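Asks: got a predicted structure here, sequence first:
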Amino acid sequence: MGRSMPPEFSDDREIAVTRSVLGSEMIEDDDAPTVLYLPTAAPVTGDEVAFVLRDLDDGSRALLVYSSLERLVEGCGDEQPWLSIRAETLSEFQYLAEADVVLWDPVLAPAIRQYGNYDTEDL
């Protein structure tokens, strides 16, 4: 991770958030989740965290974000470590993870799901 500046002090790097799968126009403010779930490479035990990012076909890097714990389990399996964040902090976490886009509630194929911890030395 290594970056600690919030997005409003960025280094001119453009960050985009993709449209919600449901379409944000379909969600009333009262219905929007207040807590989001992000898959991690290992259980969080200290100050360091390694988020699971995916490289997309267009060359961009995506941060996986789930609107509920149930959706995270549906999308990543029940062995996936995770971290919960307040929804209003998503753009800061996207910046810190150096992700270009956010993927909302993606369902990963079983072949690319995480079973156990990643070797974080390779990340």
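Replies: Done, it's in. Nothing here was measured: the structure is a model prediction, and the numbers come from that model.
Asks: okay, CA-based contacts and neighbour counts for the rest of this
Replies: OK.
Asks: strands of this structure, start to end?
Replies: Taking DSSP state E as the test, the strands found in the chain are 35-39, 53-55, 61-65, 82-86, 101-104.
Asks: switch these over to TSV; also include mean neighbour count.
Replies: Formatted as TSV, the strands of the chain follow (neighbours: other CA atoms under 10 Å):
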stretch	mean neighbour count
strand 35-39	21
strand 53-55	16
strand 61-65	22
strand 82-86	16
strand 101-104	21
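Asks: contacting residues for residue 110?
Replies: 76-77 (CA atoms under 8 Å, 6 or more residues apart in numbering).
Asks: how about a cut-off of 10 Å?
Replies: 75-77 (CA atoms under 10 Å, 6 or more residues apart in numbering).
Asks: quick one: which of the residues you listed sit in helices?
Replies: Using DSSP state H, 75-76 are the members of the contacts of residue 110 that sit in helices.
Asks: closest to residue 87 among the contacts of residue 110?
Replies: residue 75 (18.9 Å; CA to CA).
Asks: ok, now how distant is the closest residue to residue 51 other than its chain neighbours from residue 69?
Replies: Distances taken as CA to CA, 6 or more residues apart in numbering put residue 40 closest to residue 51, at 4.3 Å, once the chain neighbours are dropped. Applying CA to CA, to the nearest Å, the value for residue 40 to residue 69 is 13 Å.
Asks: could you do residue 86 as well?
Replies: Distance from residue 86 to residue 69, by CA to CA: 13 Å.
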